[in-house]
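Chemist: here is my input; please provide its structure:
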Amino acid sequence: QVQLVESGGGLVQAGGSLRLSCTASGRTSSNYAMGWFRRAPGKEREFLAAISWSDDSPWYADSAKGRFTISRDNAKNTVYLQMNSLKPEDTAVYYCAGATSVGTLKMGGAGYWGQGTQVTVSS
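Modeler: So this is what the prediction gives:
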């Protein structure tokens, strides 16, 4: 079992920044890929970004490119999502997820999910 705990969400004004964190515990593995998704009110869950524990190659959805940056700290079993130039349409619950491959995450699948953290961007 792998447990994922997100933190860092909150209320921010448009144009501001937030950094989300996701710490994994339990049976973590260097072969796991980690990613971020979000679900906005009335919309389906959306893949944002993913990164493998074993290399530095991040993957981004078009909606995240240019404003969001995913990174990880292997020593802390933590993945981050730095979000800049936030817009009201970024308001959503943001979820951390883990899977056996970046490809699985890009397709919307995951073996493990965090509980989610609310991000609200005011105009």
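
Chemist: where does this structure dip in pLDDT?
Modeler: The model of the chain has pLDDT under 70 over residues 28-31, 56.

Chemist: go again using 90 as the cut-off
Modeler: 1-2, 24-32, 52-57, 73-75, 77, 100-101, 108-111 (pLDDT under 90).

Chemist: ranges for the helices of it?
Modeler: Counting by DSSP state H, the chain has helices at residues 102-106.

Chemist: quick one: the strands in it?
Modeler: Remark: strands assigned in the chain by DSSP state E are 2-7, 10-13, 18-26, 33-39, 46-52, 58-60, 68-73, 78-83, 92-99, 112-113, 117-122.

Chemist: pairing partners for the last one, with directions?
Modeler: Put plainly, it is strand 117-122. strand 10-13 (parallel), strand 92-99 (antiparallel) (DSSP bridges).

Chemist: just say which of those is most tucked in.
Modeler: strand 92-99 (a mean of 23; mean count of other CB atoms under 10 Å). In this view, the C-beta of every residue, glycine as well, is placed from N, C-alpha and C.

Chemist: cheers, nothing more for now.
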